[in-house]
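Q: After the sequence you'll find the predicted model.
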Amino acid sequence: MRFHPFLNLVSASAVPIVGVAMMALAGATMAQSPTAAPMSPAVAAIYNSSHTIKTNVPGVTGFPDLPPGFDAVNASPAQRAAYGLPPAPPATDPDSYKIWKKAMSHIGHARHYTGPLTVTKQWSLPMKAAGKPTTSPADGTTSAISLNWSGVASTTKATAWNTNNSFYLVLSEFNVPAAQEAFGFCDGAYDLEVSWNGIDGYSNGDVLQGGSYSQAFCSGGVTTTYYCAWVEWAPSYPILCQFVVNPGDDLIVETYATGPMQGYVTVYDLTLDIYADVSLVPTEPPYLVGNSAEYIVERPCCVGSNFYPLANYISDFWAGNTAYTNAGVLRTPGQTGPNTSLITMFADDGVTAISHPEQIGPPYQIWFSDEHCAYSGGCTP
């Protein structure tokens with residue numbers, strides 16, 4: 001049986017079922033490795049003291065509006081921190097710097113969303129493995145299988161937040177996927193898809209993240225949809241919808257942290273020219289380790305004890321994706337070796353692949369596609 005919950009007040013998450021299966025994924029090429037100066041303690045202190053705008057969710061706060069004429073591109077890191085604008089990648093990393101500059105060049109005239117957050121009953125959770133990962137004999141890259149994630153995770157061996165190999169910054173640009181049920185199905189149930197980047201969650205119990213939410217509901221031959229920009233820090237908060245977005249909108253998302261208990265997410269919809277920047281403080285452990293940075297298409301939890309059926313999003317292109325450690329080392333989803341994991345999502349049966357990533361073109365790009373029962377056939381919990 002499939003159930004029909006929607007955006008109600010927050011509820012506890014449930015434990016999903018697991019299964020065993022695997023699927024081979026495409027290989028990737030090695031990226032260049034420019035370095036960035038790590039965030040200074042002084043700038044981190046400004047971020048940590050400037051999020052003074054309260055929201056309707058305790059522990060989640062916003063930043064003041066930009067003053068008229070504020071030049072975000074040429075402002076100093078300290079000046080940007082005072083308004084919650086995300087850190088700049090180094091100019092020596094032209095792909096990610098170009099994405100950041102595009103957002104910062106326009107943000108001065110964008111609408112700054114500081115309205116209420118919609119507290120949902122959906123949870124974007126850490127990865128639930130569906131079997132043991134395997135290693136490519138050709139390049140050493142890891143292939144992982146999951147019941148809720150598809151995408152790429154860059155990993156380090158960090159066991160606690162540190163100033164060396166903990167990830168503190170993840171940047172992505174992608175389009176909001178269009179949501180529908182599998183072709184030929186209209187069964188009166190909700191199908192969901194969330195696209196996000198974040199820190200942690202691949203191998204530990206927390207994840208700081210932000211991105212887009214795409215929902216489809218079909219009944220009597222009529223499909224209704226809902227889309228929003230959102231943030232979350234699991235397990236402290238569920239998905240918190242910010243402002244409404246549209247399928248196809250161009251999003252730039254930057255997720256970053258100044259420490260294990262202080263996270264930030266900026267979601268900027270360039271199509272609608274609206275952005276939101278928030279601070280999140282966890283209400284319970286575990287706290288950030290920074291041992292993984294992810295670029296993920298996910299089906300959230302929970303329908304009873306299962307994940308929602310994955311919305312039929314067809315495919316989605318992520319134009320640029322980068323992450324930096326606290327030591328300033330660049331990691332991209334196109335790098336090979338055991339510290340890069342390519343993740344395929346499986347249905348609840350543990351044997352049917354329903355969403356997978358492919359590295360394409362330069363090492364910064366990802367192509368996501370759904371398949372099998374998510375595309376045509378109707379996956380059921």
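A: Noted; the coordinates are in hand. Residues are numbered from 1 along each chain as shown.
Q: How about the secondary structure of Tyr97?
A: Assigned with DSSP: H, G, I helix; E, B strand; the rest coil, Tyr97 falls in the helix class.
Q: Against Ala110, how distant is it?
A: For Tyr97, the distance to Ala110 (C-beta to C-beta, to the nearest Å) stands at 19 Å. No exception for glycine: its C-beta is placed from N, CA and C like everyone else's.
Q: Out of those two, name the residue with the larger neighbour count.
A: More crowded of Tyr97 and Ala110, by other C-beta atoms under 10 Å: Tyr97, with 19 against 16.
Q: Now for the closest residue to Glu284 other than its chain neighbours, how many residues are close by?
A: Nearest non-adjacent residue to Glu284, counting by C-beta to C-beta, 6 or more residues apart in numbering: Ser236, 5.7 Å away. Using other C-beta under 10 Å, Ser236 has 20 other residues around it.
Q: do the same with Thr224
A: 10.
Q: for the nearest residue to Gly205 once chain neighbours are set aside, phi and psi?
A: Sequence neighbours aside, Pro286 is the residue nearest to Gly205 in space, at 4.8 Å (criterion: C-beta to C-beta, 6+ apart). Main-chain dihedrals, Pro286, degrees, to the nearest 10: phi -80, psi 160.
Q: State the number of residues packed around Pro286.
A: 16.
Q: Could you check how far it is from Thr120?
A: Pro286 is 22 Å from Thr120, by C-beta to C-beta.
Q: For the spatially most distant residue from the centre of the chain, give me phi and psi.
A: Going by C-alpha atoms, centre = their mean, the residue of the chain most distant from its centre is Gly220, 32.9 Å out. Dihedral pair for Gly220: phi 60, psi 30, per degrees, to the nearest 10.
Q: can I assume it is in contact with Cys186?
A: Yes - using C-beta atoms under 8 Å, Gly220 and Cys186 qualify as a contacting pair, with a distance of 7.4 Å.
Q: Please enumerate the strands of the stretch 1-150 of the chain.
A: 53-54, 60-62, 111-112, 118-119, 134-135, 142-146, 149-155 (DSSP state E, counting those that start in this stretch).
Q: Given the fourth one, what are its sheet partners and their directions?
A: Same thing as strand 118-119. strand 240-244 (antiparallel) (DSSP bridges).
Q: who touches the residue nearest to Gly205 in this structure?
A: Listed by C-beta atoms under 8 Å, 6 or more residues apart in numbering, the contact partners of Pro286 are 204-206, 235.
Q: low pLDDT regions in the stretch 1-150 of the chain?
A: For the stretch 1-150 of the chain, applying pLDDT under 70 flags the ranges 1-37.
Q: in it, which spans are helices?
A: According to DSSP state H, counting those that start in this stretch, the stretch 1-150 of the chain carries its helices in the segments 41-50, 77-81, 94-106.
Q: picking up where we left off before, make TSV from the contacts of Pro286 and add neighbour count to it.
A: Shown next, in TSV, are the contacts of Pro286 (neighbours: other C-beta atoms under 10 Å):
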residue	neighbour count
Asn204	18
Gly205	14
Asp206	23
Pro235	19
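Q: wait, which of these is closest to Thr325?
A: Relative to Thr325, the closest of these is Asn204; by C-beta to C-beta it sits at 16.2 Å.
Q: For that closest one, give me phi and psi.
A: According to degrees, to the nearest 10, Asn204 has phi -140, psi -180.
Q: okay, it: pLDDT?
A: The score at Asn204 is 96. That number is its pLDDT.
Q: and what of the one 3 residues further on?
A: Listed pLDDT for Val207 reads 98.
Q: Return the residues in contact with it.
A: Neighbours of Val207 in contact, by C-beta under 8 Å, 6+ apart: 124-126, 198-201, 232-234, 294.
Q: Apply 6 Å and report the result again.
A: Val207 makes contact with 126, 198, 200-201, 234 under the criterion C-beta atoms under 6 Å, 6 or more residues apart in numbering.
Q: With Cys186 instead?
A: Cys186 neighbours (C-beta under 6 Å, 6+ apart): 218, 221.
Q: which SS state does it fall under?
A: With three-state DSSP as the criterion, Cys186 reads coil.
Q: what about the closest residue to Asp191 other than its chain neighbours, how many neighbours?
A: Closest residue in space to Asp191, ignoring its immediate chain neighbours: Ala311 at 4.1 Å, by C-beta to C-beta, 6+ apart. Neighbourhood size, Ala311 [other C-beta under 10 Å]: 26.
Q: quick one: the residue nearest in space to the middle of the chain and Asn48, what's the gap?
A: The centre of the chain sits closest to Trp196, judged by C-alpha atoms, centre = their mean, with a distance of 1.9 Å. Distance, Trp196 to Asn48, by C-beta to C-beta: 23 Å.
Q: Please apply the same query to Gly361.
A: 37 Å.
Q: Just to check, the residue nearest to the centre of the chain is in contact with Ser214?
A: No - under the criterion of C-beta atoms under 6 Å, Trp196 makes no contact with Ser214, lying 11.4 Å away.
Q: beta partners for Asp269?
A: Counting by DSSP bridges, the residues bridging with Asp269 are Leu251, Ile274.
Q: Does it touch Val245 like I think?
A: Yes - counting by C-beta under 6 Å, Asp269 touches Val245, with 5.4 Å between them.
Q: okay, now Gly69: neighbour count?
A: 7.
Q: can you put the contacts of Pro286 in CSV and add secondary structure and distance to Val170?
A: Listed next are the contacts of Pro286 as CSV, based on DSSP: H, G, I helix; E, B strand; the rest coil; distance: C-beta to C-beta, whole Å:
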residue, secondary structure, distance to Val170
Asn204, coil, 16
Gly205, coil, 19
Asp206, coil, 15
Pro235, coil, 20
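Q: need these in CSV with distance to Asn164, can you?
A: Compiled in CSV, the contacts of Pro286 are given as follows (distance: C-beta to C-beta, whole Å):
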residue, distance to Asn164
Asn204, 17
Gly205, 22
Asp206, 20
Pro235, 26
